[in-house]
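In: Just the structure for this:
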Amino acid sequence: MENNLNNERDTEIWKLAKKRVSFRRHLISYLIINAFLWTLWYIGCDKSIDGNDINFPWPIFCSLGWGVGILFSFMNAYVFRKPDAIEREYEKLKSKI
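Out: A predicted model of the protein is given here:
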């Protein structure tokens, strides 16, 4: 019984580790690509068409949209840790019985 419980915990730890590594990779690509997009916008924002300056920060759409995905990825990897919640609920119910 103890060995089976350890195997289940190892599996859960492995899944959590995969989520955290995935989040870090996602964050790194987000930072690199957004830095590129904002640099591209900054370099090109001085150009004008017919005397009108076009300075609308178009990379904001990528940054905000992708940022929401990053937030959910972070929450999944670091905040909503399902095994801990299950274990806490189990201990809570066990203490009431």
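In: show me where pLDDT drops low in the chain?
Out: Along the chain, the parts satisfying pLDDT under 70 run over 1-6, 8, 46-54, 81-85.
In: how does it look with 80?
Out: 1-10, 45-55, 81-91, 94, 97 (pLDDT under 80).
In: Strands along that one, start to end?
Out: Using DSSP state E, the strands of the chain run over 48-49, 52-53.
In: Helices of this structure, start to end?
Out: Counting by DSSP state H, one finds helices in the chain at the ranges 2-44, 59-74, 82-96.
In: Same list (the ones you listed) but as TSV, adding mean neighbour count.
Out: Placement of C-beta: from N, CA and C, glycine included. Shown next, in TSV, are the helices of the chain (neighbours: other CB atoms under 10 Å):
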stretch	mean neighbour count
helix 2-44	12
helix 59-74	13
helix 82-96	10
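In: residues in contact with the nearest residue to Cys62 once chain neighbours are set aside?
Out: Spatial nearest neighbour of Cys62, excluding adjacent residues (CB to CB, 6 or more residues apart in numbering): Leu37 at 5.7 Å. Going by CB atoms under 8 Å, 6 or more residues apart in numbering, Leu37 touches Pro59, Cys62, Ser63.
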